[in-house]
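Colleague: Sharing a model that was predicted from the sequence below.
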Amino acid sequence: MPRSQPTVSDHLLQRLEAWNVRRIFAYPGDGINGIMGALRRVTEDDGNERFDVVQVAHEELAGLMATAHAKFTGEVGVCLATSGPGAIHLLNGLYDAKLDHQPVVAIVGQQAFAGVGGSTQQETNLRSILQDVASAFLETLSSPEQLRHLIDRAFRAAIGGRTVAAIIVPHDVQQKPAVLEPPQEHGRQHSAPGFVPPRLLPRDEELRRAAAVLNAGRKVAIIAGAGALHATDEVIAVAERLGAGVAKALLGKAAVPDDLPFVTGSVGWLGTPASNRMMRDCDTLLLVGTNFPYTEFLPEEGKARGVQIDVEPRNLSLRYPMEVALAGDSAETLSALLPLLGDHRAESWRGDIEGWVRESRALTDRQAHAPAEPINPLRVIWELDQRLPDDAILTADSGTSAYWLGRDIRLRRGMKASVSGSLATMGCGVPYALAAKLAFPERPVIALVGDGAMQMSGLSALIDVAKRWKLARARGKGWPDQRFVVLVLNNRDLSYVTWEQRVMEGDPRYAATQTLPDLAYADFARLLGLDGVRVERPEDVASAWERALASDVPFVIDAVVDRNVPTLPPELKAEQEDKLAKALASGDADADAVLDQLQLQEVTQR
């Protein structure tokens with residue numbers, strides 16, 4: 001088709017530009033050939049790459065990177081995949097976005113509209129496949145006149161609902177002549193791009209009720225979640241006024257700096273002793289932007305009064321029966337609350353909290369230096385914590401790496417960190433890190449990954465890392481900050497699940513499902529033109545981090561660690577102790593080593 005006549009695909013890209021989209025995570029296929037051709041024409045027409053098309057090794061990685069882009073930038077993540085298998089592969093990453101409330105728009109190809117229903121190759125019922133994950137907005141572009149309002153509504157739905165929207169674009173429709181302005185006729189839509197989310201603030205009387213509850217408390221505990229990431233100053237100000245301690249849900253890891261003396265760290269299964277004790281002993285609980293799921297670690301029902309702030313009304317009073325539940329933005333609501341709060345520092349329990357924090361940090365130091373065979377995984381994390389660069393962005397995969405990030409890495413102001421929260425999918429650590437690096441090439445990025453996740457999809461994502469690093473260098477710029485480090489905790493075991501089987505089910509380790517092959521991850525990195533080192537002795541851990549953080553190429557640390565170092569809460573409940581004892585007495589081959597590590601790690605038991 002002549003260049004003078006733009007296609008629907010050309011128009012689609014114009015509309016994405018109108019929504020300030022500059023990066024698209026994609027994998028090609030014939031179901032989106034029209035769109036891929038339009039992307040090529042955009043570059044050829046003006047000589048500038050108006051879109052950064054990130055070609056991934058697998059469509060799942062595109063969905064995960066789009067989610068991470070939204071998490072780290074606050075922008076809409078956009079991913080593009082072909083019909084049938086491409087759309088199916090996207091699903092895991094899209095569910096990650098939906099469950100962690102991130103705005104993502106997925107554009108998916110389909111076989112020619114005229115042939116749909118004829119069982120043509122790669123034809124699937126995409127509406128059925130996508131209708132749950134994209135329940136907020138899912139439409140098929142069947143006519144060029146639809147394009148403007150479908151794109152606009154998809155973005156508004158994604159931004160306004162902090163969720164996933166999807167558009168199915170059949171192959172033959174992609175090639176049709178664009179209709180830039182629909183005719184002024186009945187039934188036609190005349191949409192425009194643009195949307196700014198509204199201010200969300202509770203009613204004044206509800207703020208006063210909340211303030212009365214908080215002012216009456218003398219042992220106030222705060223849990224900050226992902227919804228408080230933009231409310232750092234407000235959370236600190238309220239905590240200071242009330243003399244409260246601040247614990248953090250895993251997705252709220254970067255909400256408040258860990259170097260403040262009243263910040264107790266993570267809470268729950270991945271929690272510090274300070275956080276979990278604060279939950280047990282508080283008389284007032286304030287939840288800010290979190291849907292923290294581990295209710296067994298919250299105060300017993302009726303023991304503490306409660307106030308909750310969340311933008312999602314459906315999350316209010318769900319995990320704990322709140323006396324006052326405020327639907328509102330966390331920063332706006334805390335700012336409105338602050339003038340209503342008295343200064344309770346003098347009569348608060350701040351001294352107790354700060355003492356518990358010091359004890360927790362001393363415990364971490366002892367645990368990190370306890371012997372293990374061959375290396376204590378916490379020692380590897382502890383050595384990173386001593387050297388964590390300013391402005392670092394950290395990601396962790398699901399499993400033991402998320403446990404160590406949540407509990408033992410101390411973030412400072414300005415740092416970022418994220419994981420797959422509610423979905424807790426494996427395979428997110430490396431694609432999250434690459435998305436972060438592409439968005440913030442001037443900042444150091446560090447991914448903490450288990451060997452199970454690395455084998456699942458991390459090795460494919462590392463190929464993408466090598467490709468993008470080489471591309472940046474070929475363009476003569478490179479990354480302004482070259483530091484990109486992937487730590488692989490190589491314990492040859494799916495150890496987080498192994499520990500869950502013991503403590504939750506009373507089952508011994510089952511080698512057939514848990515054992516993983518020992519791969520040479522650093523060698524694989526060098527095969528890609530990157531660098532890396534395998535570490536098998538604790539005395540070599542510190543120098544490995546020094547080398548990695550000084551490297552001018554992406555670097556992999558293959559740390560051979562002990563699977564028997566426990567990833568458990570600091571104090572086990574009676575039922576958990578009984579199940580663990582049952583598992584170890586039922587033929588668990590690692591029973592003796594596990595018992596030794598429980599003692600060395602000072603896990604509190606009866």
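Modeller: Perfect, I can see it now.
Colleague: Now do Glu206 against Asn215, distance only.
Modeller: Look at Glu206 and Asn215: by CB to CB, to the nearest Å, they are 15 Å apart. (C-beta placed from N, C-alpha, C; glycine too.)
Colleague: shouldn't Leu388 be in contact with Leu405?
Modeller: No - between Leu388 and Leu405 there is no contact under CB atoms under 8 Å: 11.2 Å.
Colleague: more neighbours, these two?
Modeller: Ranked by neighbour count (other CB atoms under 10 Å), Leu388 and Leu405 place Leu405 first, with 26 against 18.
Colleague: In terms of helices and strands, where is that one?
Modeller: For Leu405, the host element (DSSP states H and E) is helix 400-408.
Colleague: And the contacts of that helix?
Modeller: 250, 253, 265-266, 270-272, 364, 368, 377-378, 381-382, 385, 394, 396, 417, 419, 424, 429, 448-450, 453, 487, 489, 491, 495-496, 567 (CB atoms under 8 Å, 6 or more residues apart in numbering).
Colleague: can you tell me which of those residues are in strands?
Modeller: Those of the contacts of helix 400-408 mapping onto strands are 265-266, 394, 396, 417, 448-450, 487, 489, per DSSP state E.
Colleague: Columns distance to Leu13 on top of those residues, output as TSV?
Modeller: Formatted as TSV, the ones in strands among the contacts of helix 400-408 follow (distance: CB to CB, whole Å):
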residue	distance to Leu13
Gly265	45
Ser266	42
Leu394	34
Ala396	34
Ala417	33
Leu448	36
Val449	34
Gly450	38
Leu487	38
Leu489	41
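Colleague: list the helices and strands the helix or strand hosting Ala548 packs on?
Modeller: Following DSSP H and E, one finds Ala548 within helix 541-550. Helix 541-550 sits against helix 377-387, strand 531-535, strand 555-560, with contacts defined as 3 or more CB pairs under 8 Å, 6 or more residues apart in numbering; DSSP states H and E.
Colleague: mind putting these in JSON lines, mean pLDDT included?
Modeller: Below are the helices and strands packed on helix 541-550 laid out as JSON lines (pLDDT from 0 to 100):
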{"stretch": "helix 377-387", "mean pLDDT": "98"}
{"stretch": "strand 531-535", "mean pLDDT": "98"}
{"stretch": "strand 555-560", "mean pLDDT": "98"}
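Colleague: Tell me which of those sits most buried.
Modeller: strand 555-560 (a mean of 26; mean count of other CB atoms under 10 Å).
Colleague: Using PyMOL, define a selection of the buried residues within the ones in strands among the contacts of helix 400-408.
Modeller: Only the buried entries of those go into this PyMOL selection, using 16 or more other CB atoms under 10 Å:
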select buried, resi 265+266+394+396+417+448+449+450+487+489
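Colleague: which among the ones in strands among the contacts of helix 400-408 gets closest to Ala157?
Modeller: Nearest to Ala157 among the ones in strands among the contacts of helix 400-408, counting by CB to CB, is Ala417 at 27.8 Å.
Colleague: Can you check the pLDDT for that closest one?
Modeller: Looking at Ala417, its pLDDT stands at 98.
Colleague: For it, give me its contacts.
Modeller: 253-254, 393-396, 405, 409, 411.
Colleague: make it 10 Å
Modeller: Ala417 makes contact with 71-72, 229, 250-255, 392-396, 405-406, 409, 411, 432, 436, 446, 448 under the criterion CB atoms under 10 Å, 6 or more residues apart in numbering.
Colleague: I'd like the distance from it to Arg443, if you could.
Modeller: Ala417 is 12 Å from Arg443, by CB to CB.
Colleague: can you check Leu549 too?
Modeller: Leu549 is 13 Å from Arg443, where distance means CB to CB.
Colleague: out of these two, which sits in the more crowded spot?
Modeller: Relative neighbour count places Arg443 above the other of Leu549 and Arg443, with 21 against 17, counting by other CB under 10 Å.
Colleague: which residues do Leu388 and Leu405 both contact?
Modeller: Jointly contacting Leu388 and Leu405 under the rule CB under 10 Å, 6+ apart are 394, 411, 446.
Colleague: Now the last one: phi and psi?
Modeller: What that stands for is Ile446. Dihedral pair for Ile446: phi -130, psi 130, per degrees, to the nearest 10.
Colleague: So it sits against Leu549, correct?
Modeller: Yes - Ile446 lies in contact with Leu549 (CB atoms under 10 Å); the separation is 8.6 Å.
Colleague: Of all the helices and strands packed on helix 541-550, which one is nearest Leu150?
Modeller: Closest to Leu150 of these, according to CB to CB: strand 555-560, at 42.2 Å.
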